[in-house]
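A.B. asks: Based on what follows, work out the 3D shape:
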Amino acid sequence: MTDDKSPFATVEEAVEEIRQGRMIVLVDDEDRENEGDL
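C.D. replies: Predicted coordinates for the structure are as follows:
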């Protein structure tokens, strides 16, 4: 991840994780449904 203070990855980092066969959790805004998808 680019920022040590943020728990979130950039889109590019997330895509690379998927390319490497790793699982990610994609979350929406807490003002919306506030849920995550695997």
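
A.B. asks: for the protein, what spans make up the helices?
C.D. replies: In the chain, the segments counted as helices under DSSP state H are 11-19.

A.B. asks: Need the per-residue pLDDT for the residue sitting furthest away from the middle of it.
C.D. replies: Here the centre of the chain is the reference, and by C-alpha atoms, centre = their mean the most remote residue is residue 31, at 17.1 Å. With respect to pLDDT, residue 31 scores 86.

A.B. asks: before we move on, what about residue 13?
C.D. replies: Looking at residue 13, its pLDDT stands at 96.

A.B. asks: What's the local residue count around it?
C.D. replies: Counted with other C-beta atoms under 10 Å, the burial measure for residue 13 works out to 13 neighbours. All C-beta spots, glycine's among them, are computed from the backbone N, C-alpha and C.

A.B. asks: how far away is it from residue 6?
C.D. replies: 11 Å (C-beta to C-beta, to the nearest Å).

A.B. asks: Same check on residue 37?
C.D. replies: Distance of residue 37 to residue 6, computed by C-beta to C-beta: 19 Å.

A.B. asks: Just checking, which helix or strand of this protein averages the lowest pLDDT?
C.D. replies: Every helix and strand of the chain was ranked by mean pLDDT, DSSP states H and E. The lowest is strand 36-37, at a mean of 88.

A.B. asks: Give the other helices and strands that that one contacts.
C.D. replies: strand 26-27 (3 or more C-beta pairs under 8 Å, 6 or more residues apart in numbering; DSSP states H and E).

A.B. asks: Tell me the helices and strands packed up against the strand it packs on.
C.D. replies: With contacts taken as 3+ C-beta pairs under 8 Å, 6+ apart, strand 26-27 sits against strand 36-37.

A.B. asks: distance between the strand it packs on and the chain's centre?
C.D. replies: 9 Å (C-alpha atoms, centre = their mean, to the nearest Å).

A.B. asks: And for stretch 6-13?
C.D. replies: Taking mean C-alpha positions (C-alpha atoms, centre = their mean), stretch 6-13 and its chain are 6 Å apart.

A.B. asks: From one end of it to the other, what's the distance?
C.D. replies: End-to-end span of stretch 6-13 (C-alpha to C-alpha, to the nearest Å): 13 Å.
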